[in-house]
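Visitor: what's the 3D shape of this:
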Amino acid sequence: MIGRTIYVLVVSTAVASADVLTFENDYAGFVEAAGPLSVIDFETDPNGEPTDGGDELTETFNYDSQGIHFSAGYPNPPFPYPILSGGDPYELTVLAPPFEHTWIIGEFTTPALAIGGFFPGITAICAFDEDSVELGCAAYNKGGSGNFVGIVSDVPIYGFTFDDGDNGETIESVGVPSLPRRDPRGSAMW
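Guide: The predicted structure is shown next:
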């Protein structure tokens, strides 16, 4: 009798169980679902001074006081943080060498129930729970500035990414709910 060994490889992609709404170029619908927003528009540095371009975010020079810590998804330094670019519009940009892949990472200082952002060209936004499990993604592909993607979740969002699948990523602004929305009885809707 010939012995046989059978190996079974089980691959699983974890996705959190959440009610998630996605918004592709529908800022009005996002605001309606998310409620009042706080916006980071990159017209000012994290210290409140006007952005004049070329300022690199760092571990300590970041938007933590406004609720989000930004970094770059690049596997090797010297590109750990995005750079603020002055101009019209003001933007947050991260670049990697040609043929490398990078993206913008945002980590909330306090979990939120929504995240959205304006960007030029193509991007996808993905939101993650406290265990880094993907809650949902939204993507939009249109040339020019002022495109929007957003996510609203009933599960707290701890982090998010903006990623166009290339060696650079740019966002023009991000918005998060300033306070949890309440139903008429006074309890939180989320």
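
Visitor: and the contacts of the helix or strand containing residue 32?
Guide: Secondary structure assignment for residue 32, by DSSP states H and E: helix 27-34. With Cβ atoms under 8 Å, 6 or more residues apart in numbering as the test, helix 27-34 has contacts from 21, 23, 37, 113-114, 116, 118, 148, 150, 152, 175-177, 181. In this view, the C-beta of every residue, glycine as well, is placed from N, C-alpha and C.

Visitor: which of those residues are buried, as a PyMOL select command?
Guide: Applying 16 or more other Cβ atoms under 10 Å to the contacts of helix 27-34 leaves a buried subset, and the PyMOL line that selects it is:
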select buried, resi 21+23+37+113+114+116+118+148+150+152+175+176+177
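
Visitor: OK, contacts around residue 37?
Guide: Taking Cβ under 8 Å, 6+ apart, we find residue 37 in contact with 31, 116, 175-178.

Visitor: closest to residue 41 among those residues?
Guide: residue 175 (9.1 Å; Cβ to Cβ).

Visitor: that's a helix at the closest one, yeah?
Guide: No - Residue 175: not assigned to a helix; according to DSSP: H, G, I helix; E, B strand; the rest coil it is strand.

Visitor: any idea what the closest residue to it other than its chain neighbours is bridged to?
Guide: Nearest residue to residue 175, sequence neighbours excluded (Cβ to Cβ, 6 or more residues apart in numbering): residue 37, at 4.0 Å. Note on residue 37: beta-bridge partners residue 177, judged by DSSP bridges.

Visitor: from residue 178, how far off is residue 37?
Guide: 6 Å (Cβ to Cβ, to the nearest Å).

Visitor: likewise for residue 123?
Guide: If you go by Cβ to Cβ, the gap between residue 123 and residue 178 works out to 24 Å.

Visitor: do the same with residue 103
Guide: Separation of residue 103 from residue 178 (Cβ to Cβ): 26 Å.

Visitor: and those two? Which one has more around it.
Guide: Counted by other Cβ atoms under 10 Å, residue 103 and residue 178 do not tie: residue 103 has more neighbours, with 22 against 13.

Visitor: the more buried one reaches residue 92, doesn't it?
Guide: No - using Cβ atoms under 8 Å, residue 103 makes no contact with residue 92, being 11.8 Å away.
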